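A.B. asks: generate coordinates for the sequence data below:
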Amino acid sequence: KIALDVFNENLKTPNQIFVRRDDVNVTALDLLNANVRGSITENGIRNNISVGLTYIDSWLGGLGCVPINNLMEDAATAEISRSQLWQWAKHGSRTADGKIITAEYLLKLLDEELAKLEKQLGHQKFAASKYGLAKRYLASQITGKEYSEFLTTLLYDEITSVYNRAKL
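C.D. replies: Sure thing, here's the model as predicted:
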């Protein structure tokens, strides 16, 4: 109810398709341009790794929408995180301070971020989590080598089981 009131007060209608932005001029070339302003930072890399680990852990635990860093995140966020990491490693991108992003560098940061999560959760809660499995899957997806079509498709075997039929 609270969120709906805010939406209704500010947006007024079910959609805003009628809103035209004459102050913005987007060309076909703009849509094809993959260059973005800004730079890659170690903090951004660490955030992508942490988000990827946390989302995969939660998804393997049965949650598809997860609060991470005070934001409600879903598979799309995890896809963006792992895709950016994969692309940066694949193309040898550089951080703002000139560090070349390699598979080894990302795997080192992955270990460090996993250690931070273990410290935050405590050993017992961490041991009961799916973070170890999340690390294995994320590591395979961020090195610039393998790239699965969709992250959750890659994970399905971990949450599905096939049993022998009972003989009646």
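
A.B. asks: and the strands in this protein?
C.D. replies: 66-68, 71-73 (DSSP state E).

A.B. asks: any chance of these in a markdown table with mean neighbour count, distance to Glu42 and mean pLDDT as columns?
C.D. replies: For every residue, glycine as well, the C-beta is placed using N, CA and C. Listed next are those as a markdown table, based on neighbours: other C-beta atoms under 10 Å; distance: least, C-beta to C-beta, whole Å; pLDDT from 0 to 100:
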| stretch | mean neighbour count | distance to Glu42 | mean pLDDT |
| --- | --- | --- | --- |
| strand 66-68 | 16 | 19 | 92 |
| strand 71-73 | 12 | 21 | 90 |
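
A.B. asks: using JSON lines, lay out those together with distance to Ile45.
C.D. replies: Output for these, formatted as JSON lines (distance: least, C-beta to C-beta, whole Å):
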{"stretch": "strand 66-68", "distance to Ile45": "16"}
{"stretch": "strand 71-73", "distance to Ile45": "17"}
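
A.B. asks: tell me which of these sits nearest to Asp111.
C.D. replies: Counting by C-beta to C-beta, Asp111 lies closest to strand 66-68 out of the strands of the chain; the figure is 19.7 Å.

A.B. asks: what's that closest one packed up against?
C.D. replies: helix 42-60, strand 71-73 (3 or more C-beta pairs under 8 Å, 6 or more residues apart in numbering; DSSP states H and E).

A.B. asks: list the buried ones in the first one?
C.D. replies: Of the residues in helix 42-60, those scored as buried under the neighbour-count criterion (16 or more other C-beta atoms under 10 Å) are 44-45, 48-60.

A.B. asks: by mean pLDDT, point me to the weakest helix or strand of the chain.
C.D. replies: helix 2-11 (a mean of 83; mean pLDDT, DSSP states H and E).
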